[in-house]
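Colleague: sequence and computational prediction follow.
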Amino acid sequence: MVEEIKDGAVVSLAYTLKLSNGEVIDYSEADDPLEYLHGAENIIPALEQQLIGLHIGDAKQVELSAADGYGEYDNDEVEVVDRKLLPKDLNLKLGMVLAISDQEGNLSEAYVREISAQNVTLDFNHPLAGQRLFFDVQVLDIREATEEEVAHGHPHGVHSHEDDMFEDFDDEDFEEDFEDDDDVDFEDFDDEELEDDNHSHQN
Ligand code: ZN
């Protein structure tokens, strides 16, 4: 029996994530909680830090700076590229997310910010970069992780391996450096549905 949130605990949370303008951009309700393995950085590390020691039934408001959340907005992460470099069959739309691989094969995601006759403006910042994050968190359950869960670095159970939740909170892709623009290989573009990455709960 794990009494409080600490490393090696699987925690079930109901939460709401708002921006400073009050807009709710993500949430999980009590009947479909977020489960995460504490200490494995399944969720934003700065949020994880604020939950240590909480008990079942506790509620907490956590406010994170942009730097502690998805990073500051970086103008250097915005690139204007010639449309000719994009695949001809790509159906460009504002706001769509493109997966782009560099020459080393590292995938990164970019938002289509602007489209002109000649150029496309790609924004490699995380969609939530530059935003203060306001979490309302309620602890629904705490249990000890199984050995397998610890080995995998995430909880099993209600949510299977198909669960996308962890990707929503995974910011490691956005710490990469895109300074050498010329390495970006547009031949390998893959377009993805925006729904996969906009923190919505449409499924
Ligand atoms: Zn697993």
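Modeller: Happy to help now that I have it.
Colleague: can you classify Asp31 by secondary structure?
Modeller: When the structure is reduced to helix, strand and coil (DSSP: H, G, I helix; E, B strand; the rest coil), Asp31 reads as coil.
Colleague: tell me the contacts of it?
Modeller: Residues touching Asp31, when contacts are defined by CB atoms under 8 Å, 6 or more residues apart in numbering, are absent altogether. Every residue, glycine included, has its C-beta placed from N, CA and C.
Colleague: gap between it and Leu51?
Modeller: Spatial separation of Asp31 from Leu51 under the definition CB to CB, to the nearest Å is 21 Å.
Colleague: now swap in Pro87 and tell me
Modeller: Distance check for Pro87 against Leu51: by CB to CB, it reads 43 Å.
Colleague: more crowded one of those two?
Modeller: Each of Pro87 and Leu51 had its neighbours counted (other CB atoms under 10 Å), and the higher figure belongs to Leu51 (22 against 13).
Colleague: helix or strand right after the longest strand belonging to the chain?
Modeller: If each strand of the chain is counted by residues according to DSSP state E, the longest one is strand 133-144. Beyond strand 133-144 on the C-terminal side, the first helix or strand identified by DSSP states H and E is helix 147-152.
Colleague: show me what that following helix is packed against.
Modeller: Packed against helix 147-152 by the contact rule (3 or more CB pairs under 8 Å, 6 or more residues apart in numbering; DSSP states H and E) you find no helix or strand.
Colleague: where do the strands sit along this protein?
Modeller: Per DSSP E, the chain carries strands over the ranges 9-18, 24-28, 34-37, 59-64, 78-82, 97-102, 107-115, 119-123, 133-144, 184-192.
Colleague: which one of those lies closest to His152?
Modeller: With respect to His152, and counting by CB to CB, the nearest of the strands of the chain is strand 34-37 at 8.3 Å.
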